[in-house]
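*Asks:* quick one, fold the following:
(chains A and B)
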Number of protein chains: 2
Amino acid sequence: MGEFELIRRFFASAACAAGGEGVALGIGDDCALLHVPPGEQLAISTDTLVAGVHFPLDADPFLLGQRALAVSVSDLAAMGATPVAFTLALTLPDARADWLDGFARGLCAMAQDCRIALVGGDTTRGPLCLTLTVFGRLPVGLALRRSGARPGDLLCVGGSLGDGAGALPLVLGERQDTGPEAQYLLQRYWAPQPQLALGEALRGRATAALDISDGLLADCGHIARASGVALMVESARLPLSDALQALFPRDFALNCALAGGDDYRLAFTLPAAELAAVQADWPDVAVIGRVEAGQGVHLLDVAGAELQPPALGYQHFGSQGD
Amino acid sequence: MGEFELIRRFFASAACAAGGEGVALGIGDDCALLHVPPGEQLAISTDTLVAGVHFPLDADPFLLGQRALAVSVSDLAAMGATPVAFTLALTLPDARADWLDGFARGLCAMAQDCRIALVGGDTTRGPLCLTLTVFGRLPVGLALRRSGARPGDLLCVGGSLGDGAGALPLVLGERQDTGPEAQYLLQRYWAPQPQLALGEALRGRATAALDISDGLLADCGHIARASGVALMVESARLPLSDALQALFPRDFALNCALAGGDDYRLAFTLPAAELAAVQADWPDVAVIGRVEAGQGVHLLDVAGAELQPPALGYQHFGSQGD
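*Replies:* This is a model prediction of the structure:
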């Protein structure tokens, strides 16, 4: 089967091709064409997932397709952008129809949820690896950057932290559990919901934002560096899900929240005057600290004393080997 | 070394970050931001190159970087788009500074040639694999599609064919040759020049266009299908470089031109009335056949009799195993 036939069969489905306003030309030519209305900009992000590094080699293809797109779209949420379209570069050791069918169904299910259209890509033979590039639109000047945090701002997150890292022992089969708490964590891992509506609502309000993919402390470091400020994280205020707390001792759950990756919640800094309005619409938004003059990320206990942070977040080629 | 440090060190160089008008925000945030002027659209294309499939495992990193970007930008030329920006997803087995340095220099050299800016990407650990997504801009309604060829149009190419396939025995080390003809073919393989200016000049003139990556006959098949026409290719009119003819017997050279991939010349259909004006500026443009009512691609000898085509072009998962 030729690559074009493959792509046609599995990915040119209505579910994936529908969606995002602004697609002038989709799959099938040398390029796709996007229309960007006057007064808007295009936001672009690229993510790669490698089998054996970012997901288990035997991952369920439906779940993998769903998760791969969610992870990428989360970067659009972090910028305050509205999804339009995406491309998929899929490298596969062989063209197994059942695998491709499951993967395409998972991918398209998430594409429908996020209202984003598949507009192109490439299918090649090689070790299993996915690269997704996502496109979103947003009004000029309203992108949520990492660089605008100011002393006095509150540090907030969009919901419970640590569920992604808490799910890992289950994902890797190191822990067997089929109870509702385990199901919840697995759902958070395999189908994280990009916080798109929250990101759009934070336009013009948040002074800095990103999505938590490498772990809260590591990602807060990006905001601290880009903004030239210090971020004070109060460990007692981190929101932990009931499921995470039911399954793990508090210390482990806290470490998952601080240093575990794969949460895909938004972390953002907010002038205090904006908090009430944001929490009125987004009750899960939690204040977890504050911005101060200085540099770096500082973890504080209840009394305000500085704590030693747990191991660093997810790093490629780093000490953790990922 | 963390992935962010890697990316900063090797890719945030001035040579790669400069270029394309329209980059509102480059590397370093959750997304890059592109500005698309009113009346223009954004063209997008994604290509993956896998080590051992699309290039030798021990390929020189400078040449690889140069070629990877050229191959991707060629899709913009095929659409008539002007390059703006690109993202790079780089998967590497290890973080060797000398390899990354060479690769980045090759990539950035081609980026400068094409006036395209690196605006983002991802660096992950795994088997060597590159995915580039390129962005170009073009006036609304003037994209060179594959679907507009009409009976009576001429079939043209932008220059000599078969050099990429002719270079393969040299690239793979199956043939040793350091003469000027071999150097020419190797240059065509490792640093193909995307025909950007020709693509822009064909806006509003060519009725269909693409770049030849899978082989002339295979790629002409895409135009024939998309346009619902037959393409008649006259084998005696295929332009062959002096180097290709000096190094190989005519039959082999002709097969390279017909079925070999990696040429990255534009193939396009043109109303006969446009030919003189196009050739005045582009003397290397050659007429190689014509469009007729019907379907499929037909190879003709000097007398107009139909010839059996050589083996099919480059196919993933296909009979040729790529």
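
*Asks:* for the rest of this, base every contact and every neighbour count on C-alpha atoms.
*Replies:* Noted.

*Asks:* now do the buried residues in the strand or helix carrying A:L275.
*Replies:* Assigning secondary structure by DSSP states H and E places A:L275 in helix A:275-281. The neighbour-count check on helix A:275-281 (16 or more other CA atoms under 10 Å in any protein chain shown) flags A:L275, A:V278 as buried.

*Asks:* these two touch, right, A:G158 and A:Y264?
*Replies:* No. Taking contacts as CA atoms under 8 Å, A:G158 lies outside contact range of A:Y264: 9.2 Å.

*Asks:* spell out the secondary structure type for A:T91.
*Replies:* A:T91 falls in the strand class when you classify it by DSSP: H, G, I helix; E, B strand; the rest coil.

*Asks:* stretch A:186-199 vs chain B: in contact?
*Replies:* No. Applying CA under 8 Å from any CA of the partner chain, one finds stretch A:186-199 separated from chain B by no less than 12.2 Å.

*Asks:* which ones are touching A:L69?
*Replies:* Applying CA atoms under 8 Å, 6 or more residues apart in numbering or on different chains, one finds that A:L69 lies in contact with A:L107, A:M110, A:A111, A:L132.

*Asks:* what's the burial count for the second one?
*Replies:* Spelled out, it's A:M110. Using other CA atoms under 10 Å in any protein chain shown, A:M110 has 25 other residues around it.

*Asks:* before we move on, what about A:Q112?
*Replies:* With other CA under 10 Å as criterion, A:Q112 counts 17.

*Asks:* from what I can see it touches A:A70, true?
*Replies:* No. Counting by CA under 8 Å, A:Q112 does not reach A:A70; the two are 11.1 Å apart.

*Asks:* average pLDDT for stretch A:31-39, rounded please.
*Replies:* Mean pLDDT, stretch A:31-39: 91.

*Asks:* run the chain-centre distance for it.
*Replies:* 24 Å (CA atoms, centre = their mean, to the nearest Å).

*Asks:* related to what we said a few turns ago, between A:G158 and A:Y264, tell me which one has more neighbours.
*Replies:* The residue with more neighbours, out of A:G158 and A:Y264, is A:Y264; 32 against 23, by other CA under 10 Å.

*Asks:* where does that one land on pLDDT?
*Replies:* pLDDT recorded at A:Y264 is 95.

*Asks:* including distance to A:A230, could the contacts of A:L69 go into TSV?
*Replies:* Below are the contacts of A:L69 laid out as TSV (distance: CA to CA, whole Å):
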residue	distance to A:A230
A:L107	38
A:M110	36
A:A111	37
A:L132	33
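
*Asks:* identify the farthest-apart pair in the residues you listed.
*Replies:* A:M110 and A:L132 (13.2 Å; CA to CA).

*Asks:* about what we covered before: any residues in contact with both of A:G158 and A:Y264?
*Replies:* A:Q195.

*Asks:* strands along chain A, start to end?
*Replies:* All strands of chain A, identified by DSSP state E, fall at A:23-25, A:32-34, A:40-50, A:82-92, A:117-125, A:129-139, A:154-157, A:208-211, A:230-234, A:266-270, A:286-292, A:296-300, A:306-307.

*Asks:* please identify the deepest-packed of the ones you listed.
*Replies:* Among those, the stretch with the highest mean neighbour count (mean count of other CA atoms under 10 Å in any protein chain shown) is strand A:208-211, at a mean of 30.

*Asks:* check which helices and strands it sits against.
*Replies:* The elements that strand A:208-211 packs onto, with contact taken as 3 or more CA pairs under 8 Å, 6 or more residues apart in numbering or on different chains; DSSP states H and E, are helix A:61-79, helix A:216-227, strand A:266-270.

*Asks:* any idea which of these gets closest to A:V50?
*Replies:* Among the helices and strands packed on strand A:208-211, helix A:61-79 comes nearest to A:V50, with 10.5 Å by CA to CA.

*Asks:* mean confidence for the closest one?
*Replies:* On average, helix A:61-79 scores 96.

*Asks:* what angle do that helix and strand A:129-139 make?
*Replies:* 30 degrees (axes from the mean of the first three to the mean of the last three CA atoms, to 10 degrees).

*Asks:* please put the alpha-carbon coordinates of helix A:61-79 into CSV.
*Replies:* Taking C-alpha atoms only, helix A:61-79 is exported to CSV below (Å, rounded to 0.1, in the frame of the first residue of the first chain):
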residue,chain,number,x,y,z
PRO,A,61,-3.4,3.3,19.6
PHE,A,62,-6.7,4.9,20.3
LEU,A,63,-5.5,6.4,23.6
LEU,A,64,-2.2,7.4,22.0
GLY,A,65,-3.9,9.3,19.2
GLN,A,66,-6.2,11.0,21.6
ARG,A,67,-3.3,12.0,24.0
ALA,A,68,-0.9,13.1,21.3
LEU,A,69,-3.3,15.7,19.9
ALA,A,70,-4.3,16.9,23.4
VAL,A,71,-0.7,17.4,24.5
SER,A,72,-0.1,19.5,21.4
VAL,A,73,-3.3,21.5,21.6
SER,A,74,-2.5,22.3,25.2
ASP,A,75,0.2,24.7,23.9
LEU,A,76,-2.4,26.6,22.1
ALA,A,77,-4.4,26.9,25.3
ALA,A,78,-1.3,28.2,27.0
MET,A,79,-1.0,31.0,24.5
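
*Asks:* give me every residue that touches the closest residue to A:Q279 other than its chain neighbours.
*Replies:* For A:Q279, ignoring the flanking residues on the chain, the nearest one in space by CA to CA, 6 or more residues apart in numbering or on different chains is A:V285 at 6.0 Å. With contact taken as CA under 8 Å, 6+ apart, A:V285 is in contact with A:C156, A:V157, A:G158, A:G159, A:V278, A:Q279.

*Asks:* distance of the second one relative to B:L168?
*Replies:* Counting by CA to CA, to the nearest Å, the gap from A:V157 to B:L168 is 54 Å.

*Asks:* also the first one?
*Replies:* Using CA to CA, one obtains 56 Å as the distance from A:C156 to B:L168.

*Asks:* what does the fourth one give?
*Replies:* Here the criterion is CA to CA. By it, A:G159 lies 54 Å from B:L168.

*Asks:* A:F86 contacts A:F135, correct?
*Replies:* Yes. If you go by CA under 8 Å, A:F86 and A:F135 touch, sitting 5.8 Å apart.

*Asks:* follow-up on the earlier one: now the helix holding A:L275: average pLDDT?
*Replies:* Averaging pLDDT along helix A:275-281 yields 97.

*Asks:* stretch A:99-108 now?
*Replies:* Taken as a whole, stretch A:99-108 has a mean pLDDT of 91.
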